[in-house]
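A.B. asks: what follows is a predicted structure for the sequence shown.
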Amino acid sequence: MNAPFKSQAEGVLEVAGLAYAYDGSLAVRDVSLHVGPGEIVALLGANGAGKTTTVKMIAGVLKAQKGAIRFGSHALSGMASHAVVRRGVTLVPEGRLVFPQMTVLDNLRMGASTQSDKARIGELLDEMWVTFPRLAERRNQLAGLMSGGEQQMLAIARGLMAQPRLLILDEPSLGLMPSAVQEMFALIHRLHLRGLGVLLVEQNLKQALRISHRGYVLEKGVTVLEGTGRDLLDNAFVQRAFLGH
């Protein structure tokens, strides 16, 4: 599925024919997708379908062994993760991975490691305090003492400190209380309204598709379905495989 790129418009992610193997075992065989500027796009599939491997390749954490990745006019294939961040793509990984022995403030400053303008870092911090009032209240608290929902907010805010145009969220609702899950999806929707593109890996399929413009379904490392959020919710295969209908 090595289709040519459709566009080199600013803020468009294009992924074509990605493949990756761990110790000779293929985790991703043939994944293609695209995310437009300001879109929320869901990446769905069962455990082991290749979702996390795919987003790690996009973010430069893993080097794709086949296929191509482009963001706007820039080829990301083979780039190191810090270079991908500078191009405007940031991954918030599964499991949050905040620095538990560092304060909320210092965690956020780590997210601005690609920024050299101290005044701009201060402006970004002010934006985070407005966007995440709970983090503002806890700015001097150790991240490891926060609840799971608060840590997830911190992980997203840390990602936003890099000023991405595309934010990749890997299982942001994993392990959260139901009230925190609702808050998380509301936050993702608000980020979209600000013009940020979001690629969302999520096991909570119903919630993900309700807020997503489009979605892709992976099965055994291959893109097998693409459609609008509503179309995928109504799809018989999706209902049978993921919703138990």
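C.D. replies: Perfect, I can see it now. Here the structure is a predicted model, which means the values were calculated and not measured.
A.B. asks: going toward the C-terminus from the longest helix seen in the chain, what's the next helix or strand?
C.D. replies: If you go by DSSP state H, the chain has its longest helix at helix 178-193. Downstream of helix 178-193, the next assigned helix or strand under DSSP states H and E is strand 197-201.
A.B. asks: parallel or antiparallel, list what pairs with that next one.
C.D. replies: Applying DSSP bridges, strand 197-201 is found paired with strand 40-44 (parallel), strand 166-170 (parallel).
A.B. asks: for the most centrally placed residue in the chain, give the beta-bridge partners.
C.D. replies: Closest residue to the average C-alpha location of the chain: residue 168 at 1.5 Å, with CA atoms, centre = their mean. On the basis of DSSP bridges, residue 168 is bridged to residue 91, residue 199.
A.B. asks: any idea how far residue 202 is from it?
C.D. replies: Noted for residue 168: a distance of 12 Å to residue 202, by CB to CB, to the nearest Å. From N, CA and C alone the C-beta is placed, and that goes for glycine too.
A.B. asks: swap in residue 187?
C.D. replies: 13 Å.
A.B. asks: mind checking the pLDDT average for the longest helix of the chain?
C.D. replies: The average pLDDT within helix 178-193 is 88.
A.B. asks: that helix - contacts with which helices or strands?
C.D. replies: Applying 3 or more CB pairs under 8 Å, 6 or more residues apart in numbering; DSSP states H and E, we find helix 178-193 packed against strand 40-44, helix 148-160, strand 197-201, helix 205-211.
A.B. asks: name the residues that touch the second one?
C.D. replies: Applying CB atoms under 8 Å, 6 or more residues apart in numbering, the contact partners of helix 148-160 are 90-93, 96-98, 104, 107-108, 110-111, 124, 127-128, 131-132, 134-135, 138, 143, 146, 167, 169, 172-173, 175-177, 179-180, 183-184, 187, 191.
A.B. asks: among those, which ones are buried?
C.D. replies: Applying 16 or more other CB atoms under 10 Å to these, the neighbour count classes 90-93, 96, 98, 104, 107-108, 111, 124, 128, 131-132, 135, 138, 143, 146, 167, 169, 172-173, 176, 180, 183-184, 187, 191 as buried.
A.B. asks: now do the SS call for the closest residue to residue 79 other than its chain neighbours.
C.D. replies: Nearest non-adjacent residue to residue 79, counting by CB to CB, 6 or more residues apart in numbering: residue 60, 5.0 Å away. Using DSSP: H, G, I helix; E, B strand; the rest coil, the structure places residue 60 in coil.
A.B. asks: picking that back up, could I get the helices and strands packed on helix 178-193 as CSV with distance to residue 78?
C.D. replies: What follows is those, written out as CSV (distance: least, CB to CB, whole Å):
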stretch, distance to residue 78
strand 40-44, 21
helix 148-160, 22
strand 197-201, 19
helix 205-211, 30
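A.B. asks: can you pull out the helices in this protein?
C.D. replies: For the chain, the helices defined by DSSP H occupy 51-58, 81-86, 104-111, 118-131, 133-137, 148-160, 178-193, 205-211, 229-234, 236-242.
A.B. asks: any idea which of those is most buried?
C.D. replies: When you average the neighbours per residue for each of the helices of the chain (mean count of other CB atoms under 10 Å), helix 51-58 leads with a mean of 25.
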